[in-house]
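# Structure, please.
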Amino acid sequence: MNLNQLFDLSIKARADIAGLEWAGREYTFGEIGARADRMARALQNRGLAQGDRLCVQLANRIEMIDLFLACVKLGVIFVPVNILYRGREVSHILSDAEPKLFVTEKDLAGLSSETEPAANFPHLDGDAPAALVYTSGTTGASKGAILSHNNFAANGVNLTACWQITERDRFLLALPLFHVHALGNGVHCWLISGCRMRLLERFDHATAIDHFKQFEPTLFFGVPTMYVRLLETPPETARAIGAKMRLFVSGSAPLPAQVLEDFRARFGHTILERYGMSETLMNISNPYAGERRAGTVGLPLPGVSVRLDETGELWVKGPNVFSGYWRREDATRAAFEDGWFKTGDLAERSEDGYYTLRGRRSDLIISGGFNIYPREIEEFLMEQPEVAEAAVVGAADRLRGEVPVAYIVLAREVEVAELEARCRENLASFKVPRRFEVIEKLPRNALGKVQKHLLRPAESGSRRA
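Okay, the predicted model is just below:
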């Protein structure tokens, strides 16, 4: 089975049912299928065939879904491009993927003018590549992860079952479709379950509450920064939204335990945190029915095997794991060992099987022989009422090799000495940041993940907060 047969559970079996709300209009699943067929014809007319690559750089809109579904039908490899990427970054992807066509907003009018559906589609098996998703490239040029129909199918079926997503759900999606969080989780759970989805161009905290009140969703996928902004919702409104909601899910960046607790108090819901990667889609999830443990990402999903190597690095294998990097045999060989994909994330496992992420292996700070996990310090700083956001990185030190430096965004004024004193009371001495740098905001990517490689410790000492 390929994704086409899986999506037909909604596109054909629920053809007359409204499945999508976009820009103030409703679309039935049948209309979504017809749009995909016409887009497939448009791509065929431009010479695209099975195995070709289609690069797409678009903000959220219905045509993004049209293009993805058309590629799935034709066996064309869908290559989403981050809308924040500029010349050099886009050029790298174009030269690496060598697409037959590159679609931006200015190209949509011509592609959408087709009136005839596609005549026929190739036979595809589950191992056929469906998408080429480029990693963020924080440690060098980004690499394209080859994700197959089977990878997406295994992930979508897993999440739909484990998170109990059904046709009765009302799904609000504000995540960018160029990312696997929205594309691999959101779109696939929507089409597999047949629920009703309202797609937003982006998450705007100024209008998000209106969408919650008008659409009355039962399901929401978000990133931690979205949940931080939702905490600004007046308590009465938050309770009313929570009364309609069934499940809030968070991913793509660590969810601070304090945010989970504050959100539960305000909305009456415990956010379900999970863990995945561009290369693997979803690996681990807190249970839908069971304890959603603050600070952890939960338990391995069905069919996903997880182990920790001797350094604490998390390795995975399963039907969700990609086959390798596009035209990078060296990188592929380095990423796998005996069939296990080495994630680069450090983790710990509790006696009852819950996994807690301790940060990227590349983020690990080794100070005077001691291992320091930045996330532990960040979590503590985020618990302080004066700190809105925090990121901890390693700075070179002649004596210790490295020392931790904290970058903080303040919620209100506080003396650095006070923050340092609290750290000394609650953390081992070698974990206490040697400097506190106050900045206006942390550098983040489009999904809200902190870009630590852009934080460069200053030569001067700590600044007054």
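
# partners of the worst-scoring helix or strand of the chain on mean pLDDT in the sheet?
Lowest mean confidence among the helices and strands of the chain (mean pLDDT, DSSP states H and E): strand 370-372, at a mean of 82. Its sheet considered, strand 370-372 pairs with strand 365-367 (antiparallel) by DSSP bridges.

# thinking again about what came up before, after the least confident helix or strand of the chain, which helix or strand is next? Please name it.
Per DSSP states H and E, strand 370-372 leads on to helix 374-382 as the next helix or strand towards the C-terminus.

# Name the residues that touch that next one?
Helix 374-382 has contacts (C-beta atoms under 8 Å, 6 or more residues apart in numbering) with 254, 256-259, 295, 357-359, 363-365, 387, 389-394, 404, 406, 408, 419, 423, 426-427, 431, 433. C-beta coordinates here come from the backbone N, C-alpha and C atoms, glycine included.

# Report the strands that pair with the next helix or strand after that helix, each with its relative direction.
Downstream of helix 374-382, the next assigned helix or strand under DSSP H and E is strand 387-397. Using DSSP bridges, the strands paired with strand 387-397 in its sheet are strand 401-410 (antiparallel).

# pLDDT of the partner strand, averaged?
What strand 401-410 shows for mean pLDDT is 93.

# mind listing what's buried in that strand?
402-408, 410 (16 or more other C-beta atoms under 10 Å).

# Export the strand or helix carrying A109 to CSV, keeping only CA atoms.
Using DSSP H and E, A109 sits within helix 108-111. Extracted C-alpha coordinates of helix 108-111, given in CSV (Å, rounded to 0.1, in the frame of the first residue of the first chain):
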residue,chain,number,x,y,z
LEU,A,108,0.6,29.2,-8.6
ALA,A,109,-1.7,31.0,-11.0
GLY,A,110,-0.4,29.0,-14.0
LEU,A,111,-0.4,25.7,-12.1
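
# Hmm, L364 and G344 touching each other?
No. Contact between G344 and L364 fails when scored by C-beta atoms under 8 Å: they sit 10.4 Å apart.

# domain assignment for the protein?
By the assignment in automatic domain parsing, the chain contains the domains 3-355, 364-454.

# Least confident of the ones you listed, on average?
Looking at those, the weakest mean confidence is domain 364-454, a mean of 90.

# Quick one: end-to-end length of it, please.
Terminal residues of domain 364-454 lie 16 Å apart, using C-alpha to C-alpha, to the nearest Å.

# so how far is A109 from the residue of the chain positioned farthest from its centre?
Residue farthest from the centre of the chain, counting by C-alpha atoms, centre = their mean, is L399 at 38.4 Å. Distance from L399 to A109, counting by C-beta to C-beta, to the nearest Å: 63 Å.

# C-terminal to the longest helix along the chain, what's the next element?
With secondary structure taken from DSSP state H, the chain has its longest helix at helix 29-45. Next along the chain after helix 29-45, taking DSSP H and E as the criterion, comes strand 53-56.

# and the next helix or strand after that next one, C-alpha only, in PDB?
Note on strand 53-56: by DSSP H and E, the next helix or strand toward the C-terminus is helix 62-74. Output in PDB follows, covering the C-alpha atoms of helix 62-74 (Å, rounded to 0.1, in the frame of the first residue of the first chain):
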ATOM      1  CA  ILE A  62      -4.400  25.100   0.100                       C
ATOM      2  CA  GLU A  63      -2.100  24.900  -3.000                       C
ATOM      3  CA  MET A  64       0.600  23.500  -0.700                       C
ATOM      4  CA  ILE A  65      -1.700  20.500   0.000                       C
ATOM      5  CA  ASP A  66      -2.600  20.300  -3.700                       C
ATOM      6  CA  LEU A  67       1.000  20.000  -4.700                       C
ATOM      7  CA  PHE A  68       1.900  17.400  -2.000                       C
ATOM      8  CA  LEU A  69      -1.000  15.200  -3.000                       C
ATOM      9  CA  ALA A  70      -0.200  15.600  -6.700                       C
ATOM     10  CA  CYS A  71       3.300  14.500  -6.000                       C
ATOM     11  CA  VAL A  72       2.100  11.500  -4.000                       C
ATOM     12  CA  LYS A  73      -0.100  10.500  -7.000                       C
ATOM     13  CA  LEU A  74       2.700  10.900  -9.600                       C
END
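
# So among the contacts of helix 374-382, which ones count as buried?
254, 256-259, 295, 357-359, 363-365, 387, 389-394, 404, 406, 408, 419, 423, 427, 431, 433.

# Contacts only, for the closest residue in space to K452 that isn't next to it in sequence.
Once flanking residues are discounted, K452 sits nearest to V393: 5.3 Å by C-beta to C-beta, 6 or more residues apart in numbering. The contact partners of V393, taken as C-beta under 8 Å, 6+ apart, are 363, 365, 374, 404-405, 407, 452, 455, 457.

# Give the other helices and strands that the longest helix of the chain contacts.
helix 3-11, strand 18-22, helix 62-74, helix 108-111 (3 or more C-beta pairs under 8 Å, 6 or more residues apart in numbering; DSSP states H and E).

# what about 7 Å?
If contacts are counted by 3 or more C-beta pairs under 7 Å, 6 or more residues apart in numbering; DSSP states H and E, helix 29-45 sits against helix 3-11, strand 18-22, helix 62-74.

# gap between Q164 and V249?
12 Å.

# of those two, who's got more company?
V249 (22 against 14; other C-beta atoms under 10 Å).

# Give me the distance between the more buried one and W22.
V249 sits 21 Å away from W22, going by C-beta to C-beta.

# repeat for A240
Taken as C-beta to C-beta, the span from A240 to W22 is 25 Å.

# Pull the contacting residues for A390.
378, 381-382, 406-408 (C-beta atoms under 7 Å, 6 or more residues apart in numbering).
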